[in-house]
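Colleague: any chance you could fold what I've pasted below:
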Amino acid sequence: MLHGMRPFLLLTVTLIALHAAAAPASAPRCTPQREGEAACLDGKLCECRHDPGGTLTGRRAGMRWNCGALRPACGAAPEAGPAERAPLPVFPAPTPPPDWR
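Modeller: Numbers count the residues shown, from 1 in each chain. So this is what the prediction gives:
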């Protein structure tokens, strides 16, 4: 029985070896020394920060990459500051009462 499985085993070992050789470099580790640093991971600009964890998330407290939905894309232009934004329109427009002088 083992004799008939040799081609299958050889193919499996070859595919695993090719996959391991072609694997991209892993993300840098998020450690306390790197807290506050940013790295481009999967097209997102992720920040290394302390995550308090908790029973709701099911994770223990520790350092993790923050790559949430609100994080910018890598190479994206920074958001405009408050002085560069257009003023917001006022709705409804202020109108004086009819008997106002």
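Colleague: now the strands for the protein?
Modeller: For the chain, the strands identified by DSSP state E occupy 38-41, 44-51, 62-66, in order along the chain.
Colleague: possible to save those as CSV with mean neighbour count?
Modeller: C-beta coordinates here come from the backbone N, C-alpha and C atoms, glycine included. Shown next, in CSV, are the strands of the chain (neighbours: other Cβ atoms under 10 Å):
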stretch, mean neighbour count
strand 38-41, 15
strand 44-51, 17
strand 62-66, 16
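Colleague: quick one: closest of those to residue 16.
Modeller: The closest approach between residue 16 and any of these, judged by Cβ to Cβ, belongs to strand 38-41 at 25.0 Å.
Colleague: what comes into contact with the closest one?
Modeller: The contact list for strand 38-41, computed with Cβ atoms under 8 Å, 6 or more residues apart in numbering, reads 27-28, 45-48, 65, 67, 74-75.
Colleague: for residue 87, which of the strands of the chain is the nearest?
Modeller: Taking Cβ to Cβ as the measure, these were each checked against residue 87, and strand 44-51 came out nearest at 29.1 Å.
Colleague: so what's the gap between that closest one and the chain middle?
Modeller: How far strand 44-51 lies from its chain's middle: 7 Å, per Cα atoms, centre = their mean, to the nearest Å.
Colleague: for stretch 44-63, same thing?
Modeller: 12 Å.
Colleague: mind checking the end-to-end distance for that stretch?
Modeller: This stretch, stretch 44-63, spans 18 Å end to end (Cα to Cα, to the nearest Å).
Colleague: now stretch 33-48
Modeller: Across its full length, stretch 33-48 reaches 10 Å between end residues, using Cα to Cα.
Colleague: again, but for stretch 52-71
Modeller: 19 Å.
Colleague: what residues sit buried inside it?
Modeller: 65-67, 71 (16 or more other Cβ atoms under 10 Å).
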